[in-house]
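Colleague: Any chance you could fold what I've pasted below:
(one chain, ligands or ions: 2)
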Amino acid sequence: MALGEVNSNGDARPSKRRREGLPEKMKALQYSGPEKFAVVEIDVPTIGDDDVLVKISACGVCGTDLHYHKGEFLAKWPLIPGHEAAGTIAAIGKSVSNVSIGDRVTADPLQPCLSCFHCTRRKPLLCESITAFGGNVPGGFAEYCRYPARQVHPIGVLPDLEAVLIEPAACATHGIERMQLEVGSRVLLFGCGPTGILLAQLIRLNGAAHLTIASKAGPKLDLAKRLDIADDYITISDSHPDTDLSALHTANLYGFDIVVEATGAPTVLENAINFVRKGGKLVVYGVYDDKVKIAWSPFKIWENEITVIASFCSVQHMPHVLEYIKAKKLRLDGIVDRTFKIEEWKECMDVVRRQECVKAAIVFG
Ligand SMILES: [Zn+2]
Ligand SMILES: [Zn+2]
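Modeller: Ligands and ions are numbered 1, 2, ... in the order given. Okay, here's the model as predicted:
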């Protein structure tokens, strides 16, 4: 569906359907512009023949939402953010056959157009006119959200606060595909936020013989240790990071086959290349301010044949993530450790910015 066919409530057109047992109105966290948000009461979205209406139970809060807050990325007003949603199918369009009313689902928030330059060259993630639920069309910080049926995936009995991690895990799965780990790889991961915790597990499941996590101290590193997701944990202190990093270097003289930067801190990325083994890969995974620049020696990259890879986000990786979950190979418990109502959005953003939790989620009901 093209963006022009969706109005600000997320309605699809044509949209005439009988609506039984559904309320007329819903609460939503809506932005009217950068930093201008309010909890509003608006019409529950109507759905087209190929759509579903999901009653949202929980929706993860992501760093990207803080960028949207400032009007960055794809933000289009009015905006209902939220792209890590879990909920229950409340209504289905008449052509929908993959899910039924009452199914618990998560939704892939990115819908490529399939007809632009990049889509037609099998690069849907790089789509020039991508529909982003919670970015340029309404997302999951509302009691109900409309999605095309093909964007939703049943989650069975997976708890809501674990299901909201399927989207970030899908991004991590794309990262794994980009990395193409070789058998027996030694991997260094900078950062163990919620994404890092998911990425670490998938790195180990996909060929790493040994994984080191380097992170500053705090609840995220504590959780990583508790979940036992790496072979080695290096604490980088705020007071003397250089000492900690040179100790890491000394202990790994030949560096790492793959170094992943997942903190989003430019200085960490700049330094990360010094840990890449000759012939190794550096993975740019964090989200950086778009004005940031860093300095690398091209000679070093050339002489050591270093490959620099980026991993942006994900389309169509949710079924793969669900396979890991069904096989009980991905630990999702305990990652979401704070929940908020949409009325508490300001407090939620403050807690996330101050890094007082591992991962926050908005909950309903
Ligand atoms: Zn996100
Ligand atoms: Zn496209």
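Colleague: so how far does stretch 114-131 reach from one end to the other?
Modeller: 11 Å (C-alpha to C-alpha, to the nearest Å).
Colleague: how about that stretch against ligand 2, any contact?
Modeller: Yes: on the criterion C-beta under 5 Å from the ion, stretch 114-131 is in touch with ligand 2 at 116, 119, 127. C-beta: built from backbone N, CA, C; applies to glycine.
Colleague: Name all residues that make contact with the second one.
Modeller: The contact partners of residue 119, taken as C-beta atoms under 8 Å, 6 or more residues apart in numbering, are 112-113, 127-128.
Colleague: now the helix or strand where residue 224 lies: mean pLDDT?
Modeller: According to DSSP states H and E, residue 224 maps onto helix 219-227. Helix 219-227 shows a mean pLDDT of 95.
Colleague: what comes into contact with it?
Modeller: Counting by C-beta under 8 Å, 6+ apart, 192-194, 196-197, 200-201, 213, 215, 230, 233, 235, 331, 334-335, 337, 355-358 sit against helix 219-227.
Colleague: mind redoing it with 6 Å?
Modeller: Helix 219-227 has contacts (C-beta atoms under 6 Å, 6 or more residues apart in numbering) with 192-193, 197, 213, 215, 233, 331, 358.
Colleague: From these, pick the one nearest ligand 2.
Modeller: Among the contacts of helix 219-227, residue 193 lies closest to ligand 2 (C-beta to the ion), at 29.4 Å.
Colleague: Next, the buried residues of the helix holding residue 224.
Modeller: By 16 or more other C-beta atoms under 10 Å, the buried positions in helix 219-227 come out as 220-221, 223-224, 227.
Colleague: still on that earlier bit, in a markdown table, list the contacts of helix 219-227 along with secondary structure, pLDDT and distance to ligand 2.
Modeller: What follows is those, written out as a markdown table (DSSP: H, G, I helix; E, B strand; the rest coil; pLDDT from 0 to 100; distance: C-beta to the ion, whole Å):
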| residue | secondary structure | pLDDT | distance to ligand 2 |
| --- | --- | --- | --- |
| 192 | coil | 93 | 33 |
| 193 | coil | 94 | 29 |
| 197 | helix | 97 | 31 |
| 213 | strand | 98 | 36 |
| 215 | strand | 97 | 36 |
| 233 | strand | 97 | 41 |
| 331 | coil | 95 | 34 |
| 358 | coil | 95 | 34 |
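Colleague: on that earlier part again, between the residues of stretch 114-131 next to ligand 2, which is nearest residue 30?
Modeller: Proximity of the residues of stretch 114-131 next to ligand 2 to residue 30 (C-beta to C-beta) peaks at residue 127, which lies at 25.2 Å.
Colleague: Pull the number of nearby residues for the closest one.
Modeller: 20 (other C-beta atoms under 10 Å).
Colleague: Nearest residue to it in space, please, no chain neighbours.
Modeller: residue 112 (3.9 Å; C-beta to C-beta, 6 or more residues apart in numbering).
Colleague: Residue 308: what secondary structure?
Modeller: What DSSP: H, G, I helix; E, B strand; the rest coil gives for residue 308 is strand.
Colleague: Residue 33 against residue 76, yeah?
Modeller: No: using C-beta atoms under 6 Å, residue 33 is not in contact with residue 76; the gap is 10.7 Å.
Colleague: what about those two, which has more around it?
Modeller: For residue 33 versus residue 76, neighbours defined as other C-beta under 10 Å are more numerous around residue 76 (15 against 11).
Colleague: in the stretch 51-200 of the chain, which spans are helices?
Modeller: Assigned by DSSP state H, counting those that start in this stretch, the helices in the stretch 51-200 of the chain fall at 63-69, 160-163, 166-179, 194-205.
Colleague: Residue 264 touches residue 287, doesn't it?
Modeller: Yes: applying C-beta under 6 Å, one finds residue 264 in contact with residue 287, separated by 5.0 Å.
Colleague: ok, the nearest residue to residue 72 once chain neighbours are set aside to ligand 2 distance?
Modeller: Take residue 72 and drop its neighbours on the chain: the residue closest to it by C-beta to C-beta, 6+ apart is residue 290, 7.3 Å away. Separation of residue 290 from ligand 2 (C-beta to the ion, to the nearest Å) stands at 21 Å.
Colleague: And for residue 182?
Modeller: From residue 182 to ligand 2 the distance is 32 Å (C-beta to the ion).
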